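S.K.: Below are the sequence and a predicted model for it; my questions follow.
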Number of protein chains: 2
Amino acid sequence: MALRFALVIEPVGSDDSRSDFADTFRTIDPSAPALSVGELSTQRGDGIFESIGVVDGHPQETQAHLERLAHSAEICDLPAPNLEQWRQAVTIAAGHAPQQGEGVIKLILSRGVEHGPAPTAWVTAAGAADNTAVREQGVRVVTLDRGYGIDTPASAPWLLLGAKTLSYAVNMAALREARRRGADDAIFVTSDGFVLEAPTASLIVRIDGRFVTPAPNGGILHGTTQLSLFSHLESEGFETGYATLPTTALRDADAAWLVSSVRLAAPITAIDDVVFRVDAGLTASMNRYLLSPRD
Amino acid sequence: MALRFALVIEPVGSDDSRSDFADTFRTIDPSAPALSVGELSTQRGDGIFESIGVVDGHPQETQAHLERLAHSAEICDLPAPNLEQWRQAVTIAAGHAPQQGEGVIKLILSRGVEHGPAPTAWVTAAGAADNTAVREQGVRVVTLDRGYGIDTPASAPWLLLGAKTLSYAVNMAALREARRRGADDAIFVTSDGFVLEAPTASLIVRIDGRFVTPAPNGGILHGTTQLSLFSHLESEGFETGYATLPTTALRDADAAWLVSSVRLAAPITAIDDVVFRVDAGLTASMNRYLLSPRD
């Protein structure tokens, strides 16, 4: 969906404790030229981002997204973001997202203009695509090798595997490969046979009545939607947990979902040649929760 | 160095055979806002690039860079670039690079604005940093795990390992890690112990009088400077070749260089704890060749 709003942020230090950051914000026309060609985000995908779901004007789980932004900044040696400044920018952007129905707010923190003095940053707001059908009918997915061993992320932090960086070309290529294979989405697996995550979503499987997601071990983004959904499932009396999941464990699951901030819970109908039954009642209940205001 | 010139290109089909593409070019102020925040290059590092060295106004090895741009486009499912259009843009940019001394022209082809109709593209020109000292005194390098096995690129093309994409955050993080370790640059190695390339350069080693570079097997960019230098070395009577080089082979080398389009040939003084003698005479001769007009 076309961008409805964009706000350029002049990033301040994380220790700046002023109460109002309005004078560090500048609203721009989201379709007008705004960034110079010297931007490192555009030259080298050198920056980080977050996508926040918006429901009826309410940004979902803002705090969790801000904390992940800070975590990504640390991994990428970017200056620590001032979370209160970003929170105020999110609040303004939310006022320009659709006030009825769904939207998305994106936060972007770039290393800045090459040889420039400081990072650049901006926030956008847009309406979200209608995901009703995919939440009900689900997605077919294929597994794709992410190329790494399960132990690689911990020993090679320069691979930035736990950060949500702007260097997303591989994630996009994996989605194209999935579609070439007649599927809707992909699940990355390690080269030594463990399940990771989807290019733009977390994986949750149900095994023996327990909801399990691959353990975030540095190679997986800790999913904000997965975290929120696990706390909901626990409050409903379900058992949840993290595990190092071999791909063979997928055959033991009786249901699976891809969950993310905007598409929310999409039931999986097949992983490669393993077919899953969609638990329609539970999936609908998950999405009702995810569409309720969450902080 | 600050950008001196920027040209926005309206990409045309590869079969467009008009003789003059001037009306598809638009000169812009390189430091002014030019790209919208919806640009996929900036949102997802979703695009490709080339950096062409310029000496006394002459762009070096333009054809090899254009061919690699086309190869990267193919890997990334981008529309095939019209190479004659890009060549004309390079010629114009070269006229705005320094006409005495060294410069750099960058070509960028982005997937375009999200939900937009077409790719976006631009070319920039700038002066180059003074690399005289590093060409004489050389660089200390450390090896860093690239995380992949040697056979991964061929079996997982969605990892885009043979393409020069804008998703360069890992390359930049590797350079920061090298500096943290007290080195000047890095050499990526596979997780199963083979030598690849530097984050922004190719590696050439001399073993028993023969010049060898790691075989481009899908996981390594085919270096335009390495190719050019090999043909020069062959014309001087030296033997050159490609090999699958285990990291242990580095101990058999008596000299090594990182070569790239702008820094040219930088002799390596150490790889981890293995010290190399700089062959000053040969290195100077390499750089004299690389600074001569090349097509």
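M.R.: Received it, and whenever you're ready, just let me know what you need.
S.K.: residues contacting the residue of the stretch 1-150 of chain A found nearest chain B?
M.R.: Of all residues in the stretch 1-150 of chain A, residue A:45 sits closest to chain B, at 2.3 Å by CB to the nearest CB. (Glycine included, C-beta is placed from N, CA and C.) If you count contacts by CB atoms under 8 Å, 6 or more residues apart in numbering or on different chains, residue A:45 has them with A:165-169, B:41, B:44-45, B:165-169.
S.K.: go with 6 Å
M.R.: A:166, A:167, B:45, B:166, B:167, B:168, B:169 (CB atoms under 6 Å, 6 or more residues apart in numbering or on different chains).
S.K.: Spell out which residues of the stretch 51-200 of chain A are next to chain B.
M.R.: Those residues of the stretch 51-200 of chain A that sit near chain B, judged by CB under 6 Å from any CB of the partner chain, are A:77, A:122, A:124, A:145, A:147-148, A:152, A:156, A:158-160, A:165-170, A:172-174, A:176-177.
S.K.: I'd like to know which of those residues are buried.
M.R.: Those of these that meet the buried threshold are A:122, A:124, A:145, A:147-148, A:152, A:156, A:158-160, A:165-170, A:172-174, A:177, by 16 or more other CB atoms under 10 Å in any protein chain shown.
S.K.: Select from those every entry located in helices.
M.R.: A:152, A:169, A:170, A:172, A:173, A:174, A:177 (DSSP state H).
S.K.: Next, count neighbours for residue A:71.
M.R.: Number of residues near residue A:71 (other CB atoms under 10 Å in any protein chain shown) recorded here: 16.
S.K.: Which of the helices or strands spans it?
M.R.: Using DSSP states H and E, residue A:71 sits in helix A:62-75.
S.K.: Check which helices and strands that helix sits against.
M.R.: strand A:47-55, helix A:83-94 (3 or more CB pairs under 6 Å, 6 or more residues apart in numbering or on different chains; DSSP states H and E).
S.K.: do that again at 7 Å, thanks
M.R.: If you count contacts as 3 or more CB pairs under 7 Å, 6 or more residues apart in numbering or on different chains; DSSP states H and E, helix A:62-75 packs onto strand A:47-55, helix A:83-94, strand A:102-110, helix A:224-235.
S.K.: how about these in TSV, adding mean neighbour count?
M.R.: Formatted as TSV, the helices and strands packed on helix A:62-75 follow (neighbours: other CB atoms under 10 Å in any protein chain shown):
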stretch	mean neighbour count
strand A:47-55	24
helix A:83-94	20
strand A:102-110	24
helix A:224-235	19
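S.K.: Using the three-state scheme, assign the residue lying closest to residue A:27 once chain neighbours are set aside.
M.R.: Using CB to CB, 6 or more residues apart in numbering or on different chains and skipping the chain neighbours, the partner closest in space to residue A:27 is residue A:7 (5.5 Å). Three-state call for residue A:7 (DSSP: H, G, I helix; E, B strand; the rest coil): strand.
S.K.: Tell me the bridge partners for residue A:7.
M.R.: residue A:27, residue A:123 (DSSP bridges).
S.K.: Report how many residues lie close to it.
M.R.: Quick note: residue A:7 (other CB under 10 Å) scores 23 neighbours.
S.K.: where does it land on pLDDT?
M.R.: With respect to pLDDT, residue A:7 scores 98.
S.K.: Hmm, residue A:121 and it touching each other?
M.R.: No: Residue A:7 lies out of contact with residue A:121 (CB atoms under 7 Å); the separation is 9.3 Å.
S.K.: now the strands for the stretch 151-295 of chain A?
M.R.: Under the criterion DSSP state E, counting those that start in this stretch, strands of the stretch 151-295 of chain A are mapped to A:185-189, A:202-207, A:210-214, A:239-243, A:255-260, A:264-271, A:274-275.
S.K.: Please name whichever of the ones you listed is nearest to residue A:289.
M.R.: strand A:264-271 (8.8 Å; CB to CB).
S.K.: Determine how far that closest one lies from the middle of the whole chain.
M.R.: The chain centroid and the centroid of strand A:264-271 are separated by 16 Å under CA atoms, centre = their mean, to the nearest Å.
S.K.: in the stretch 51-200 of chain A, what spans have low per-residue confidence?
M.R.: For the stretch 51-200 of chain A, no stretch is flagged by pLDDT under 70.
S.K.: again, only using 90
M.R.: A:114-117 (pLDDT under 90).
S.K.: what sits against residue A:111?
M.R.: A:40, A:46, A:47, A:78, A:119 (CB atoms under 7 Å, 6 or more residues apart in numbering or on different chains).
S.K.: cool, and residue A:254?
M.R.: residue A:206.
S.K.: Where neighbours are concerned, which of the contacts of residue A:111 has the most?
M.R.: Neighbour-wise, the contacts of residue A:111 (other CB under 10 Å) top out at residue A:47, 29 neighbours.
S.K.: so residue A:106 touches residue A:124, yeah?
M.R.: Yes: using CB under 7 Å, residue A:106 is in contact with residue A:124, at 4.8 Å.
S.K.: tell me, how many neighbours does residue A:271 end up with?
M.R.: 25.
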